[in-house]
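Undergrad: Got a predicted structure here, sequence first:
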Number of protein chains: 2
Amino acid sequence: MSSRGVRHDSMRARNLAVVLATIHRSGPHTRAALAERTGLTKTTVSSLVADLLEAGVVTESGAVRGGERGRPGVAVSLSGHRVAAMGLEINIDYLAACVVDLTRTVRLRRTRPADNRNSAPARILAELRDLVKETTAEAESAGLRVIGAALAVPGTVEGGVLRSAPHLGWRDVRVSGLVDVPFALDNEANLAALGELWFGSGANDFLYVSGEIGVGAGLVVEGDLFRGTFGLAGELGHVVVVPDGPDCRCGGRGCLEAYAGQDALLGELTSVRELVARLESGDPGAAQAVERAGHALGVALTSAVHLLDPGRIVLGGIFAPLFRWLAEPVSEELRARLGPMRGTPPALVVSGTGADAAVLGAAGLIIQRIIAEPAQLLGM
Amino acid sequence: MSSRGVRHDSMRARNLAVVLATIHRSGPHTRAALAERTGLTKTTVSSLVADLLEAGVVTESGAVRGGERGRPGVAVSLSGHRVAAMGLEINIDYLAACVVDLTRTVRLRRTRPADNRNSAPARILAELRDLVKETTAEAESAGLRVIGAALAVPGTVEGGVLRSAPHLGWRDVRVSGLVDVPFALDNEANLAALGELWFGSGANDFLYVSGEIGVGAGLVVEGDLFRGTFGLAGELGHVVVVPDGPDCRCGGRGCLEAYAGQDALLGELTSVRELVARLESGDPGAAQAVERAGHALGVALTSAVHLLDPGRIVLGGIFAPLFRWLAEPVSEELRARLGPMRGTPPALVVSGTGADAAVLGAAGLIIQRIIAEPAQLLGM
DNA sequence: TATTTTTAGTCCATAATCTGAACATAATCC
DNA sequence: GGATTATGTTCAGATTATGGACTAAAAATA
């Protein structure tokens, strides 16, 4: 809780945010409807909407009649024409950028293949800066003002610093000077969870499970990401599945990752595509590997459900294309283990976003901030 | 996020809360210090403090000089003289009540032994209502106005209804009519965690582990309890420790409870006191049982740390008297399993509150609400 | 000891913001 | 065409916070 008092200007700032958030959450509204929803008077809403119109974050979009009598109202909706946010991602084998407007419409998307395994941070960041410049220029030529950016990385982030990205071989890297607008850095699984929230199935409460080289998870509760004390929550990949199982590079033993990480799933295969092909052709070895991973994932998710109490479970990353084969063993474990104590187990569903959940989530994070604090970010 | 607009009266309500919370968090302040802290002007703070004085939630407590020059200020501190909250608890073998004033000083404490295992809810609730009456009367005769109450129960609570309390044999019990002031119902482990937060060691981020007949946990992040989507988070007792371990009454297999629950720890002994005596006399069987429990607890906590990212781990309930013997095996597992990936593992400490953490936490919950929303609860 | 300096807290005119009733507007109903 | 109903704006008034001037009370200084 903020310990700052409320002054007149912050009252207005807050009310601007309330109106904008209402439009964002429930679609276009007339001023009268906004007044009813927010508990403010029509007068106040009119004045707030006027400011939002001027800032370019909303537009009037034609007359609206609820089918009843009376004067029709003018619908006020989010405007995708002026303000936008940039999402960025560094992954093992590519860099990605995207630009998303206020209506959460993806306006631009760019990917550059790269071999980032064990490259020096400086080199990759220079490459990324180049990608940012290019993308920003293109966004501007489309009339969009990029107002903030966020970067997804495959590692743990603490206090704005990349602490450890084992698959990149990075440690304690401070990312700065990438853009000259407000900037955020976050973990890939966290941002992918937010990507799923805003660009995926539309649920508000779920645990997003991100299958990559490592296995991560991001918990969303009431549309909010749970981060834990140091921002390290959701490390599903190192939940203990078999207490005396094989050693893991994290220092532990019998972690989920050893059973359901990409390396364990692929075995001597080289791509998920190949694994899917084998599964489709009925290869028994492939089927067995996936089933084994599914059971391990089910055990880990049982613990996760007891501790995190998610609304549903969304399988993303490489688990998405494997969902057909994973779903059965996973939910079998959940059904058997969660038992009657908590009613029905959480639903298990496949992710609605593709491989770019994390970049999209990064851009969405900035959009969320604009909507939560329009006055601050738009200089109103 | 609330979607209601800010009106003049809610601005003032918010500022009253900000001032009160500042005093509550950082002790007595002069009006000038409050103005600086909150960003409000001295004028506004004076006016807010006047209202709080009248409501009886703060008092002026003498002159204060910071050792410098200038006119000394008047310290404004929380008043424990007029407003209070009641904490209640139904446990397997007792009922408990307490009254706590605004300064979080325990003013009254009452316990009634009872055999609640498999008693009808109506009978126990009648008994509890009796205890409430008695305690309220006593509080009133001490000049305290009880302004709200909360009840701790050994089971899962969803939407204000007791869903399932297996050890009491209760299911879907709606508790009402117990008091005629605002009322809250919550899980025993959750409230014990809050008890530890407000009446224990003083840390702001921790996982409280409550060893009772079952094993529960409550996560506190930045002074806030994490509840999950349905309020069922923190069920540490059913985290999977050995995937093909013994059946558990929850429907699962190899749950922590089977290794570290009270029944598993005591074996054929009848009380924790007895177990401690055996341990102190060097009984090898007792030592082995506790060590085994400690290792299992360490495995479950490893998963919990990866998923919840707690600041530290506090062992409470029956684990507190056993801490001397549990600490070593538990932290051995944590140290070995958490490894270098997350720096040092969270500190393992013993609970600072006794067996009454839950009742105290229940009362504290109401105190917290008064401080967070004084205008609403005090009719200002 | 008298005066200056410093800090605390109050007073009061002013400013920012929201409210609410009246009004203008624009549609449907009869 | 007039009545009805709902939207959105205007304007005076209410609420709350601000900020500079002022009073109060202590230490430092002369």
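TA: In hand now; what should we look at? Numbers count the residues shown, from 1 in each chain, chains lettered A, B, ... in the order given.
Undergrad: only C-alpha atoms for contact and neighbour calcs from this point on.
TA: OK.
Undergrad: State the distance from the closest residue to DNA strand D within the stretch 101-250 of chain A to A:Leu78.
TA: Closest residue of the stretch 101-250 of chain A to DNA strand D, C-alpha to the nearest atom of the strand: A:Thr103 (20.4 Å). For A:Thr103, the distance to A:Leu78 equals 6 Å [C-alpha to C-alpha, to the nearest Å].
Undergrad: what residues do the two have in common as contacts?
TA: Shared contacts of A:Thr103 and A:Leu78, defined by C-alpha atoms under 8 Å, 6 or more residues apart in numbering or on different chains, are found at A:His24.
Undergrad: Can you tell me how far A:Leu128 is from A:Arg273?
TA: From A:Leu128 across to A:Arg273, the span is 27 Å (C-alpha to C-alpha).
Undergrad: Name the residue in the two with the higher neighbour count.
TA: More crowded of A:Leu128 and A:Arg273, by other C-alpha atoms under 10 Å in any protein chain shown: A:Leu128, with 20 against 14.
Undergrad: Those residues of chain A touching DNA strand C, which are they?
TA: Proximity of chain A to DNA strand C (C-alpha under 7 Å from any atom of the strand) is limited to residues A:8-9, A:11-12, A:15, A:39-41, A:43-44, A:47-48, A:68-72.
Undergrad: Point out where chain A drops to low pLDDT.
TA: Applying pLDDT under 70 to chain A picks out residues A:1-2, A:66-68, A:340.
Undergrad: List the buried residues in the lengthiest helix in chain A.
TA: What stands out as the longest helix in chain A, according to DSSP state H, is helix A:284-308. Residues A:286-287, A:289-308 are the ones in helix A:284-308 that count as buried (16 or more other C-alpha atoms under 10 Å in any protein chain shown).
Undergrad: The stretch 151-300 of chain A: strands as residue ranges?
TA: Using DSSP state E, counting those that start in this stretch, the strands of the stretch 151-300 of chain A run over A:156-158, A:161-165, A:170-173, A:183-187, A:206-211, A:215-221, A:224-226.
Undergrad: wait, which of those strands is closest to B:Ser141?
TA: Nearest to B:Ser141, of all the strands of the stretch 151-300 of chain A, is strand A:215-221, at 44.2 Å by C-alpha to C-alpha.
Undergrad: angle of that closest one against strand A:206-211?
TA: 170 degrees (axes from the mean of the first three to the mean of the last three C-alpha atoms, to 10 degrees).
Undergrad: Near DNA strand D, which residues of chain A are found?
TA: Within reach of DNA strand D by C-alpha under 7 Å from any atom of the strand, chain A has these residues: A:6-8, A:30-33, A:42-43, A:46-47, A:68-75.
Undergrad: Just the buried ones among the residues you listed, please.
TA: Neighbour-count burial (16+ other C-alpha under 10 Å) applied to the residues of chain A next to DNA strand D gives A:Val6, A:Thr30, A:Arg31, A:Ala32, A:Ser46, A:Gly73, A:Val74, A:Ala75.
Undergrad: Format these as a markdown table; extra columns: distance to chain B and secondary structure.
TA: Listed next are these as a markdown table, based on distance: C-alpha to the nearest C-alpha, whole Å; DSSP: H, G, I helix; E, B strand; the rest coil:
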| residue | distance to chain B | secondary structure |
| --- | --- | --- |
| A:Val6 | 6 | coil |
| A:Thr30 | 16 | coil |
| A:Arg31 | 14 | helix |
| A:Ala32 | 14 | helix |
| A:Ser46 | 13 | helix |
| A:Gly73 | 21 | strand |
| A:Val74 | 21 | strand |
| A:Ala75 | 19 | strand |
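Undergrad: Tell me which two of those sit farthest apart.
TA: A:Val6 and A:Gly73, at 32.6 Å, using C-alpha to C-alpha across those.
Undergrad: a strand runs through A:Gly70, doesn't it?
TA: No. According to DSSP: H, G, I helix; E, B strand; the rest coil, A:Gly70 belongs to no strand; its state is coil.
Undergrad: Between A:Thr103 and A:Leu78, point out the one with more neighbours.
TA: Neighbour count, other C-alpha under 10 Å: between A:Thr103 and A:Leu78, A:Leu78 has more, with 23 against 19.
Undergrad: What sits closest to that one if chain neighbours are left out?
TA: Distance criterion C-alpha to C-alpha, 6 or more residues apart in numbering or on different chains; nearest residue to A:Leu78, sequence neighbours excluded, is A:Val58 at 4.3 Å.
Undergrad: I'd like to check which residues are in contact with that neighbour.
TA: Contact analysis of A:Val58 by C-alpha under 8 Å, 6+ apart lists A:Val49, A:Leu52, A:Val76, A:Ser77, A:Leu78, A:Ser79.
Undergrad: now the helices for chain A?
TA: A:8-26, A:31-38, A:42-55, A:121-141, A:188-199, A:257-260, A:262-266, A:272-280, A:284-308, A:323-338, A:357-372, A:374-378.
Undergrad: Could you identify which of the ones you listed is most buried?
TA: helix A:188-199 (a mean of 28; mean count of other C-alpha atoms under 10 Å in any protein chain shown).
Undergrad: about what we covered before: what's the closest non-adjacent residue to the residue of the stretch 101-250 of chain A closest to DNA strand D?
TA: Using C-alpha to C-alpha, 6+ apart, the nearest residue to A:Thr103 is A:Gly80, at 5.4 Å.
Undergrad: any idea how far the one you found lies from A:Pro154?
TA: In terms of C-alpha to C-alpha, A:Gly80 sits 30 Å off from A:Pro154.
Undergrad: Of these two, which one has the most company?
TA: The neighbour comparison of A:Gly80 against A:Pro154 (other C-alpha under 10 Å) goes to A:Pro154, with 26 against 19.
Undergrad: contacting residues for the closest residue to that one other than its chain neighbours?
TA: Closest residue in space to A:Pro154, ignoring its immediate chain neighbours: A:Glu188 at 5.1 Å, by C-alpha to C-alpha, 6+ apart. Contacts here follow C-alpha under 8 Å, 6+ apart; on that basis A:Glu188 touches A:Glu89, A:Ala152, A:Val153, A:Pro154, A:Gly155, A:Ala358.
Undergrad: Excluding residues flanking it in the chain, which one is nearest the last one?
TA: Closest residue to A:Ala358 apart from its sequence neighbours, by C-alpha to C-alpha, 6+ apart: A:Ala192 at 3.8 Å.
Undergrad: mind listing what that neighbour touches?
TA: A:Ala192 makes contacts with A:Tyr208, A:Ser210, A:Gly218, A:Asp356, A:Ala357, A:Ala358, A:Val359, A:Leu360, A:Gly361, A:Ala362, as judged by C-alpha under 8 Å, 6+ apart.
Undergrad: measure whatever residue of the stretch 51-200 of chain A ends up closest to chain B to DNA strand C for me?
TA: Minimum separation of the stretch 51-200 of chain A from chain B (C-alpha to the nearest C-alpha) falls at A:Ser164, amounting to 7.7 Å. Distance, A:Ser164 to DNA strand C, by C-alpha to the nearest atom of the strand, to the nearest Å: 44 Å.
Undergrad: wait, doesn't that residue sit right on A:Glu158?
TA: No. In this structure A:Ser164 lies outside contact range of A:Glu158 using C-alpha atoms under 8 Å: 9.4 Å.
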